[in-house]
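# could you look at this predicted model? Sequence included:
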Amino acid sequence: GGGGFLPDLAITGEAMLPPITAGVPDRPVTTELPLLELSAPYPNPSRGDLTLSYAVRNPGHVRLQVFDLQGRVVATLVDGNVGAGVHPVPGLRQVGSRGRALRAGVYLLRLQEGQLLRTRRIVLIP
């Protein structure tokens, strides 16, 4: 016997994470949610009516910004304290600087909570 094959292993992301505390030892922490996640925008490319959400495991300050490819912030969608859970994000067509619509082009969405960052690329079409 023995064909030199390794047995299949079930690996989960949770198994690799150390225990997480939110600063309150007797408070249970929701472990079903990722620490920080930004969903894949849909549809992408889009005319601006994207379906998008983000999830945070623990309450905290979150910033979700839209950048152009030159690295300039063209919109801030979220900048404040949010509770744990999944949060929807409104469509992007009317969120450009000073309320103007974003032009067609390629943009980066950047979600930040503390030192954690998640980035997604979106394409807006006319």
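Arrived safely, thanks for sending.

# let me know the pLDDT of G2.
Per-residue pLDDT puts G2 at 48.

# next one: P34
In this prediction P34 is given a pLDDT of 86.

# what's the answer for Q65, then?
Taking Q65 on its own, its pLDDT is 94.

# then the one 4 residues further on?
Residue-level confidence at L69 comes out at 94, pLDDT.

# which SS class is L109?
Using DSSP: H, G, I helix; E, B strand; the rest coil, the structure places L109 in strand.

# can you tell me the closest non-neighbouring residue to it?
Of all residues not flanking L109 in the chain, R120 sits nearest, at 4.6 Å (Cβ to Cβ, 6 or more residues apart in numbering). Any C-beta I mention is one placed from the backbone N, CA and C, and that applies to glycine too.

# now do the same contact list for that neighbour.
Counting by Cβ atoms under 8 Å, 6 or more residues apart in numbering, R120 touches 38, 40-41, 108-109.

# for burial, what's the neighbour tally of G80?
8 (other Cβ atoms under 10 Å).

# name the helices or strands packed onto the helix or strand it falls within?
Per DSSP states H and E, G80 falls inside strand 73-82. Packing partners of strand 73-82 (3 or more Cβ pairs under 8 Å, 6 or more residues apart in numbering; DSSP states H and E): strand 60-67, strand 85-89.

# which parts of the protein are helices?
Remark: helices assigned in the chain by DSSP state H are 13-16.

# where does it dip in pLDDT?
For the chain, the stretches flagged by pLDDT under 70 are 1-31, 91-100.

# gap between V66 and H87?
16 Å (Cβ to Cβ, to the nearest Å).
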